[in-house]
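# need coordinates for the below:
(chains A and B)
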There are 2 protein chains.
Amino acid sequence: MRARLDIAGPGRGEPSRRPIGVFDSGVGGLTVLHDLLVRLPEENFLYLGDTARFPYGERSATELERFALQMAEELLRRGAKLLVVACNAATSAALPALRRRMMETTLGVDVLGVVRPEALQAVAATRTGRIGLLATPTTVASGSYEEAVGALDPHVTLHPVACATLAGIIQEGRQFDEQAVGTVREACAPLREARVDTVILGCTHYPLIRLMLQRLLGPEVRLISAGGALARQVEHALGGRGLRVAREGEGGGGGEGEYRFLCTGEVESFCELGTRFLQMPLGEVERVELVDVRRPAREDAL
Amino acid sequence: MRARLDIAGPGRGEPSRRPIGVFDSGVGGLTVLHDLLVRLPEENFLYLGDTARFPYGERSATELERFALQMAEELLRRGAKLLVVACNAATSAALPALRRRMMETTLGVDVLGVVRPEALQAVAATRTGRIGLLATPTTVASGSYEEAVGALDPHVTLHPVACATLAGIIQEGRQFDEQAVGTVREACAPLREARVDTVILGCTHYPLIRLMLQRLLGPEVRLISAGGALARQVEHALGGRGLRVAREGEGGGGGEGEYRFLCTGEVESFCELGTRFLQMPLGEVERVELVDVRRPAREDAL
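Numbering: from 1, shown residues only, chains lettered A, B, ... in the order given. Next up is the predicted model:
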């Protein structure tokens, strides 16, 4: 399972062997990568965490757009065949801009985010029509989930809860102490009150406390993360462009793909935190510098 | 969620408020307790880990029977209304003896193990009729899963793999390193070879590497642990005796029950390991000394 990808640029080797690019503000998106690794074991992955500028929670939408475009560019330069924005805040702020940019510059690269697959699963799962959302304040304020859920079913009510401190508590590793339980209990109280039957985990850190959430919300409540629905969407998008790695029984070897990591900040802490978030070994991690996609000099020249 | 159980003996207070007793060779059974806590949040639990005599893997069936009877007695003395043997080796070796003993001595206490709920789920899940089993050598050698699966469907084939070192690797916390992946990969190879579509996680430590197993076995393979099926069995057993705590909508308060821990070994390491296995805070832990159920002196007197 160690990273042995050796792709220097787009188009090198067989197109389907190019990696799926996944990016995030830091290590949180590794819970999304995890689901993708489990469900698409034959694919290669390249993950980029913008740890130098983490957290994204307090940044403006304009800034998040700029960062997301930089990361997308870096992954494309390294041959990514599809991009996944594995961050709820970045998806909420930057997905339309990313898609516009891909249409301007690159043929054949889809960009998928985490909001829509979660909204889709939640609307499919709810029986009462009352869906809860746990997310960071930035994501809640963006209204992206209301919009996604409302577009699927206008009769469903979304009950959002903005959790300012929860992602930090989980990232620090305090997810199993009494103080963490207190914070989680407080976040769950309005959702119990609203008698929701489905709750979207709208931050990539939250799947790490899925079982605690299940206990505090009650055993009948369905917890939704991007996971399976996102993996299926990735599979369909790749299939539509003939970019899926063949599986056993489809003429493929049925082996495991490889995965590799990039981060913008300190490598050692990325490895340490990353192992806990990915729940698999990380292999080597490369530090990268991100640059703006459209440099003023180049824009002047155009 | 902190333990505030104050039950000194059977029959104290409302019978349904008595705890469900769960016991194991050490901390592994906490993954079983975890599923029970999540699925039966309104119930009270009392967990006993025989950490002083861990591991059970190399012990004889006679010895495991004796230990299991001691633990059952301790939990009954503290008011347990139902017993769960949360250890695959102890279930395989001691369940019949435990049930005989309960019939001799106590009215109204059911004893449930982890083997049968797992066999049941696996037989219900398989479509090819080829089921894999990952378990410790003691459990594999006991033949308990062959027996349980065969009784449910004689046309199903069980492919057992005895893993001598895996539980230790997980307990030491090395589950996300390259060596651990190597061990897991080796254990999974014969199951991939046999093209099983369902795999029983026949050791309470293995759910902690569920996602790694899923990746190495392939995304279509169903992984089975006692979890949901055991919780339903507990619920039915308690319901049949009128011992279930009422839920919200059944006249109950819909609150959370309490849980409390006992161990025979060192308290500090139990707390440390236990938090990782339970993935929730433990609260305080009490050290207990276990004694034989039938002391020779008392047997002479009979």
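
# doesn't residue A:161 lie inside a strand?
Yes - judged by DSSP: H, G, I helix; E, B strand; the rest coil, residue A:161 forms part of a strand.

# I'd assumed residue A:132 was in contact with it.
Yes - contact status for residue A:161 versus residue A:132: in contact at 6.8 Å, counting by C-beta atoms under 8 Å. Quick note: C-beta positions are derived from backbone N, CA and C, even for glycine.

# looking at those two, which is more packed in?
Per other C-beta atoms under 10 Å in any protein chain shown, whichever of residue A:161 and residue A:132 has more neighbours is residue A:132, with 29 against 19.

# next, the contact list for the more buried one, please.
Taking C-beta atoms under 8 Å, 6 or more residues apart in numbering or on different chains, we find residue A:132 in contact with A:158-161, A:191, A:194, A:196, A:198-200, A:217, A:221.

# where's it relative to residue A:158, distance?
8 Å (C-beta to C-beta, to the nearest Å).

# any idea which element residue A:139 lies in?
Element membership for residue A:139, per DSSP states H and E: helix A:137-142.

# beyond the helix or strand hosting residue A:92, next helix or strand please.
Using DSSP H and E, residue A:92 maps to helix A:88-105. Later in the chain than helix A:88-105, the nearest helix or strand by DSSP H and E is strand A:110-113.

# on that earlier part again, which neighbours do residue A:161 and residue A:132 have in common?
By C-beta under 8 Å, 6+ apart, the residues touching both residue A:161 and residue A:132 are residue A:191.

# so which bits of the next helix or strand after the helix holding residue A:139 are buried?
Where DSSP H and E defines the elements, the next helix or strand beyond helix A:137-142 is helix A:144-152. The neighbour-count check on helix A:144-152 (16 or more other C-beta atoms under 10 Å in any protein chain shown) flags A:144-146, A:148-150 as buried.

# could you dump the residues you listed to JSON lines with distance to residue A:67 and pLDDT?
Shown next, in JSON lines, are the buried residues of helix A:144-152 (distance: C-beta to C-beta, whole Å; pLDDT from 0 to 100):
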{"residue": "A:144", "distance to residue A:67": "17", "pLDDT": "95"}
{"residue": "A:145", "distance to residue A:67": "21", "pLDDT": "97"}
{"residue": "A:146", "distance to residue A:67": "24", "pLDDT": "96"}
{"residue": "A:148", "distance to residue A:67": "22", "pLDDT": "96"}
{"residue": "A:149", "distance to residue A:67": "26", "pLDDT": "97"}
{"residue": "A:150", "distance to residue A:67": "27", "pLDDT": "96"}
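
# and those residues, which is closest to residue A:185?
Distances from residue A:185 to those, taken as C-beta to C-beta, are shortest for residue A:145 (22.3 Å).

# that closest one and residue A:139 touch, don't they?
Yes - Residue A:145 lies in contact with residue A:139 (C-beta under 8 Å); the separation is 7.5 Å.

# give me the common contacts of the two.
In contact with both residue A:145 and residue A:139: A:92, A:202, using C-beta under 8 Å, 6+ apart.

# chain A: strands as residue ranges?
For chain A, the strands defined by DSSP state E cover A:20-24, A:45-49, A:82-85, A:110-113, A:130-135, A:157-162, A:198-202, A:222-224, A:259-263, A:285-287.

# these into JSON lines, with extra columns for mean pLDDT?
Formatted as JSON lines, the strands of chain A follow (pLDDT from 0 to 100):
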{"stretch": "strand A:20-24", "mean pLDDT": "97"}
{"stretch": "strand A:45-49", "mean pLDDT": "98"}
{"stretch": "strand A:82-85", "mean pLDDT": "97"}
{"stretch": "strand A:110-113", "mean pLDDT": "96"}
{"stretch": "strand A:130-135", "mean pLDDT": "97"}
{"stretch": "strand A:157-162", "mean pLDDT": "98"}
{"stretch": "strand A:198-202", "mean pLDDT": "97"}
{"stretch": "strand A:222-224", "mean pLDDT": "97"}
{"stretch": "strand A:259-263", "mean pLDDT": "97"}
{"stretch": "strand A:285-287", "mean pLDDT": "97"}
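
# and residue B:39, which of those strands is closest to it?
Across the strands of chain A, residue B:39 has its closest neighbour in strand A:222-224 (13.4 Å, C-beta to C-beta).

# what packs against the closest one?
Packing partners of strand A:222-224 (3 or more C-beta pairs under 8 Å, 6 or more residues apart in numbering or on different chains; DSSP states H and E): helix A:115-125, strand A:198-202, helix A:210-217.

# looking at the ones you listed, which has the lowest confidence?
Mean pLDDT values for the helices and strands packed on strand A:222-224 show the minimum at helix A:210-217, a mean of 92.

# return the helix or strand in chain A with minimum mean pLDDT.
Lowest on mean pLDDT, DSSP states H and E among the helices and strands of chain A sits helix A:296-301, with a mean of 42.

# around chain B, pick out the residues from chain A.
A:1-2, A:34, A:37-41, A:175-178, A:180-181, A:209, A:211-212, A:214-216, A:218-219, A:254, A:256, A:275-276, A:278-281 (C-beta under 8 Å from any C-beta of the partner chain).

# and the residues you listed, which of them are buried?
Buried among the residues of chain A next to chain B by 16+ other C-beta under 10 Å: A:1, A:34, A:37-41, A:175-176, A:180-181, A:209, A:211-212, A:214-216, A:218, A:256, A:275, A:278-281.

# narrow these to those in helices?
Using DSSP state H, A:34, A:37-39, A:180-181, A:211-212, A:214-216, A:275, A:278 are the members of those that sit in helices.

# now the two most distant members of those.
Greatest spatial distance among these (C-beta to C-beta): A:39 and A:181, at 30.3 Å.

# which outside residues touch stretch A:54-67?
With C-beta under 8 Å, 6+ apart as the test, stretch A:54-67 has contacts from A:25-26, A:50, A:53, A:87, A:89-90, A:93-94, A:97, A:136-138, A:142, A:164, A:167-168, A:265, A:290, A:292.

# mean confidence score for it?
Mean predicted lDDT for stretch A:54-67 stands at 86.

# now the end-to-end length of it.
Start-to-end span of stretch A:54-67 (C-alpha to C-alpha, to the nearest Å) is 11 Å.

# can you check stretch A:242-260 too?
Terminal-residue distance, stretch A:242-260 (C-alpha to C-alpha): 23 Å.

# may I see the buried residues of it?
In stretch A:242-260, counting by 16+ other C-beta under 10 Å, buried: A:243-245, A:247, A:256-260.

# helices or strands up against the helix holding residue A:92?
Counting by 3+ C-beta pairs under 8 Å, 6+ apart, helix A:88-105 packs on helix A:61-77, strand A:82-85, strand A:110-113, helix A:115-125, helix A:137-142, helix A:144-152.

# for that helix, buried residues please.
A:88-95, A:97-98, A:101-102.

# show me which of those residues is closest to residue A:187.
residue A:88 (15.2 Å).
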